[in-house]
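K.L.:
Give me a model of this one.
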Amino acid sequence: MRRAAVAGMFYDSNPGRLTEGIKKYLKNAHPENIQGEIISLISPHAGYVYSGQAAAFGYKLLDKNKIKRAVILAPTHQVAFRGVSIPDVTSYETPLGLVKLDKEACDMLRKETLFTSIPEVHSREHSLEVQLPFLQVCLGDDFTMVPMVVGQLHNRDYQVIAGSLTKVVKRGDVVIVSSDFTHQGPRFGYAPYRTDISENIKKLDMGAVDFILEKNSRKFIDYVKDTGATICGRCPIGILLELLPTDANGTLLTYYTSGDITGDERDTVSYVSLVFSSPSGWPEKE
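P.N.:
As a prediction, the model looks like this:
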């Protein structure tokens, strides 16, 4: 078991309060009606007090009667490495119970190029863990997951990893990509604007969102590199853009920054909720 590492910090450790808090976020989320099968979400991973409402816009769209497995791509914050690490555990713990891994799928992927299992990558990583209580509230306990933490990637790594995932991802899956967007201000060592900060940061983030909605991995990665935009989940997002079916359509559900909550724009983190749907969904597999 991988024990909860950030309960009581990023989200409430009390099961009752945690459930009620998530249900409140879901009640206050009003995403637009999406046509087709929901196949993927891009969801933030800050403390719920900051990003929980943004996350709720995507999770509210999930249908527990259709989704049986969550395939999660989350960025590393603790350990630098290349590729994708899948933990060698049978379940993840949260205050709401255990989320079981799809062991067969995890074992299959670990044999693929650029896939590995590095225990220290997972032990304290919050970006994947904070997605799980939302999944548990929205899907109940009748789902499994394939948890992946993504390190640094280069050149064709995105295509190679996406190619491996096509062997696993199937109808009944939702692919969750965990990412906050621009971290700006002295605290983050990235302060590109001195005036009209919130307006300029939104333009910067929306430039990235535009390439995501185009499903153009190369242009998205180049944009992040050229602008220096501090989007922590850029590598998981790049993988998703290579993985999506050609008929997938993306929709921006909501956007705001931590400054909109705190009233302080000196140091802010941007939160985006995006959904991808498809008329045909992920392919059927045996």
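K.L.:
Which per-residue confidence value corresponds to residue 275?
P.N.:
Looking at residue 275, its pLDDT reads 98.
K.L.:
Likewise for residue 265?
P.N.:
At residue 265, the predicted lDDT confidence score is 87.
K.L.:
Can you classify residue 89 by secondary structure?
P.N.:
Three-state call for residue 89 (DSSP: H, G, I helix; E, B strand; the rest coil): coil.
K.L.:
Next, the buried residues of stretch 80-99.
P.N.:
Of all the residues in stretch 80-99, those buried under the rule 16 or more other C-beta atoms under 10 Å are 83, 84, 85, 86, 87, 89, 92, 93, 94, 95, 96, 99. Where C-beta positions appear, they are placed from N, C-alpha and C, glycine not excepted.
K.L.:
Look at the residue lying closest to residue 202 once chain neighbours are set aside and say how many residues are nearby.
P.N.:
Leaving aside its sequence neighbours, residue 202 sits nearest to residue 255 (C-beta to C-beta, 6 or more residues apart in numbering; 7.2 Å). With neighbours defined by other C-beta atoms under 10 Å, the count for residue 255 comes to 18.
K.L.:
Provide the secondary structure category for residue 255.
P.N.:
Assignment for residue 255 (three-state DSSP): strand.
K.L.:
so it bridges to which residues?
P.N.:
Beta-bridge partners for residue 255, by DSSP bridges, are residue 272.
K.L.:
Make CSV from the buried residues of stretch 80-99 and add secondary structure to it.
P.N.:
CSV is the format used below for the buried residues of stretch 80-99 (three-state DSSP):
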residue, secondary structure
83, coil
84, strand
85, strand
86, coil
87, coil
89, coil
92, strand
93, strand
94, strand
95, coil
96, coil
99, strand
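K.L.:
Kindly indicate which of these lies nearest residue 207.
P.N.:
The closest of the buried residues of stretch 80-99 to residue 207 turns out to be residue 84 (C-beta to C-beta; 26.6 Å).
K.L.:
How about residue 245, nearest residue that isn't a chain neighbour?
P.N.:
Leaving aside its chain neighbours, residue 245 sits nearest to residue 278 (5.4 Å; criterion: C-beta to C-beta, 6+ apart).
K.L.:
Would you check the distance separating the one helix or strand residue 210 maps to from the middle of the chain?
P.N.:
Assessed by DSSP states H and E, residue 210 sits inside helix 197-213. Here the centre of helix 197-213 is set off from its chain's centre by 18 Å, with C-alpha atoms, centre = their mean, to the nearest Å.
K.L.:
and whichever helix or strand comes after that helix, what does it pack onto?
P.N.:
Under the assignment DSSP H and E, the closest C-terminal helix or strand after helix 197-213 is helix 217-227. Packing partners of helix 217-227 (3 or more C-beta pairs under 8 Å, 6 or more residues apart in numbering; DSSP states H and E): helix 197-213, helix 234-243.
K.L.:
now the angle between helix 217-227 and the shortest one, please.
P.N.:
Relative orientation of helix 234-243 with respect to helix 217-227: 160 degrees, computed using axes from the mean of the first three to the mean of the last three C-alpha atoms, to 10 degrees.
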